[in-house]
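> using only what follows, build the 3D model:
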Amino acid sequence: MRPTYHLTTLGCAKNQVDSEKLEAMLAEAGYARAESVEEADVVMVNTCAFIEEARRESVETILAAQDVAKPGARTVVLGCMAQRFGVEVEKALPEVDAVLGLSSYGELVPTLDRLTGWQPVKIRRRPVMDILHQVSRPAPTSPYAYVKVAEGCDKPCTFCAIPLIRGRQRSRRPIEIRAEVEALAEGGVSEVVLVAQDLAAYGRDLDGPRRPGIVDLLESVAEVEGIRTIRLLYLYPREIRPRLIEEIVSNPKVASYFDLSLQHASGRLLRDMKRPGGAEAYRQLIADIRAADPDAALRSSFIVGFPGETEDDVEELADFLREVELDWAGFFSYSPEEGTPAADLPGRVDPDVVAERQRYLQSIQDDITHLANQAQVGRRLEVLVDQVEDGTPIGRSYRHAPEIDGVILLDSGRPGEWVDVEITAALGTDLEARVVG
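Okay, here's the model as predicted:
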């Protein structure tokens, strides 16, 4: 019988894309996918290491998997935590059989070949960071799919460990990305979500007389038959040029959805974060977007409890939220990451204070989001049905990114269908609608 594996994925959409390609690599090598951890010969966890909470979840997931794995099953740790803290993982979890970071994915199949022959092995990482770009994806199982267009980041944000984990920005070739999107469309995907650490800066590291940028990429992907919506996630505000705004709001295939990485509104904290701009620049950017499209959906995320944050800083952010009225926003507790400049800053905020500030800001945003949803009642939208849960079809419009925003509860529809709906009610962060076509 073929050896079996089970892969658990933690963290962001970029990790999810990696896992899909790892599974395709294993299928090509002859491995069979087990439906549960308990059935697998090899248990794998694709970890996240972005913040301390993510690392804790990764360790807990590894230990929980080992508790229920069958006797003799092997354990392999993959992903960002394996990349950045591989040696520490091996020391802390000696029962783990292999630790392969991002730069060691080329060793995955040989490692599993040896492990399933019951020969314990420890892998030392080799610098082949982007091998997964060469791997075809498995057949899609959802009407939407994430497509990673670049790896790494060049920005100097003092709180962020991404450059330490994934390195400097490395953009994929446009022809390679388009081929992947074409294959997804042939498999039934009709919405692609483009992701990268610094998506708006796509292409600046590519060589050639005319380096393609994010607008060129959007124009190319929009030509793919079968793709009805292209969504962009993670836009660094200073990289958003007027040409990109124009392309997003004018290209009928690109969702008028702006995921702005703002982080805070306090100018003093933004300077300590090494984030250019400030609240006034953010206000102008948001005004420019809404001038181009009054119906554009805007989302952002903010760090709470950055070293030195005061109650005045929190109130400045609260006033900013009330003024700009983003459709969606998330608030995350600051996590001191080893090796980042911010980890050495004085003025650490007590965790209980951070949690209270987080609840306060989220309550403000929840009210804003609910009002934005109430304004949608009576409006007609085109919706992609993602799934049916307990008999209720669930979908999303251009205003809703998968997995992070609210959803629309429908009275009919099948997964993969695009339907015209009329919004009938606002239910907190979700909407209710009836299908009209």
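> C-alpha only now, for contacts and for neighbours.
Will do.
> now the helices: where do they sit in this structure?
13-28, 52-68, 79-92, 108-115, 162-166, 174-186, 214-222, 242-250, 267-272, 279-292, 311-324, 351-374 (DSSP state H).
> got the angle between the helix or strand bottoming out on mean pLDDT in the chain and helix 13-28?
Ranked by mean pLDDT, DSSP states H and E, the weakest helix or strand in the chain is helix 108-115, scoring a mean of 86. Inter-element angle recorded for helix 108-115 and helix 13-28: 60 degrees (by axes from the mean of the first three to the mean of the last three C-alpha atoms, to 10 degrees).
> what about helix 108-115, distance to the chain center?
Here helix 108-115 shows a centroid-to-chain-centroid distance of 29 Å under the convention C-alpha atoms, centre = their mean, to the nearest Å.
> output it as PDB - backbone C-alpha positions only.
What follows is helix 108-115, C-alpha atoms only, in PDB (Å, rounded to 0.1, in the frame of the first residue of the first chain):
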ATOM      1  CA  LEU A 108      10.300  16.800   1.200                       C
ATOM      2  CA  VAL A 109       9.800  13.800  -1.000                       C
ATOM      3  CA  PRO A 110      13.200  12.300  -0.300                       C
ATOM      4  CA  THR A 111      12.600  12.900   3.400                       C
ATOM      5  CA  LEU A 112       9.300  11.100   3.400                       C
ATOM      6  CA  ASP A 113      10.800   8.300   1.300                       C
ATOM      7  CA  ARG A 114      13.300   7.700   4.100                       C
ATOM      8  CA  LEU A 115      10.800   8.200   6.900                       C
END
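> please parse the protein into its domains.
Domain ranges of the chain: 4-115, 134-374, 380-435, per automatic domain parsing.
> quick check: residue 221 touching residue 179?
No: in this structure, residue 221 is not within contact of residue 179 by C-alpha atoms under 8 Å, at 9.2 Å.
> those two - which one has more neighbours?
Neighbour totals were compared for residue 221 and residue 179, and residue 221 leads with 24 against 14 (other C-alpha atoms under 10 Å).
> who's in contact with that one?
Contacts for residue 221 (C-alpha atoms under 8 Å, 6 or more residues apart in numbering) come out as 178, 181.
> any idea how far residue 331 is from residue 360?
Distance, residue 360 to residue 331, by C-alpha to C-alpha, to the nearest Å: 10 Å.
> of those two, which one has the most company?
Between residue 360 and residue 331, residue 331 has the larger neighbour count (other C-alpha under 10 Å), namely 19 against 13.
> retrieve the pLDDT associated with the more buried one.
If you check residue 331, the pLDDT there is 96.
> which residues does the residue lying closest to it once chain neighbours are set aside bridge with?
Nearest residue to residue 331, sequence neighbours excluded (C-alpha to C-alpha, 6 or more residues apart in numbering): residue 302, at 4.9 Å. Here residue 302 sits in beta bridges with residue 263, residue 331, as judged by DSSP bridges.
> from residue 25, how far off is residue 422?
As judged by C-alpha to C-alpha, residue 422 and residue 25 stand 43 Å apart.
> same check on residue 277?
43 Å.
> settle it for me: which of these two has more neighbours?
Taking other C-alpha under 10 Å, residue 277 and residue 25 do not tie; residue 25 has more neighbours (22 against 15).
> now do the contacts for the closest residue to residue 387 other than its chain neighbours.
Counting by C-alpha to C-alpha, 6+ apart, residue 387 lies nearest to residue 415, which is 4.9 Å off, once chain neighbours are set aside. By C-alpha under 8 Å, 6+ apart, the contact set of residue 415 is 143, 384, 385, 386, 387, 388, 393.
> what's the burial count for the fourth one?
The criterion is other C-alpha under 10 Å. On that basis, residue 386 has 22 neighbouring residues.
> tell me the contacts of it?
When contacts are counted by C-alpha under 8 Å, 6+ apart, residue 386 touches 142, 143, 144, 393, 394, 395, 396, 414, 415, 416.
> of those residues, grab the buried ones for ChimeraX.
Typed into ChimeraX, the next command selects the buried ones out of the contacts of residue 386 (criterion: 16 or more other C-alpha atoms under 10 Å):
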select :142,143,144,393,394,395,396,414,416
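> taking the contacts of residue 386 one by one, which sit in strands?
Members of the contacts of residue 386 lying in strands (criterion: DSSP state E): 144, 393, 394, 395, 396.
> so what's the residue count around the closest residue to residue 384 other than its chain neighbours?
Counting by C-alpha to C-alpha, 6+ apart, residue 384 lies nearest to residue 418, which is 4.6 Å off, once chain neighbours are set aside. If you count neighbours by other C-alpha under 10 Å, residue 418 ends up with 20.
> isn't residue 418 right up against residue 381?
No: using C-alpha under 8 Å, residue 418 is not in contact with residue 381; the gap is 10.2 Å.
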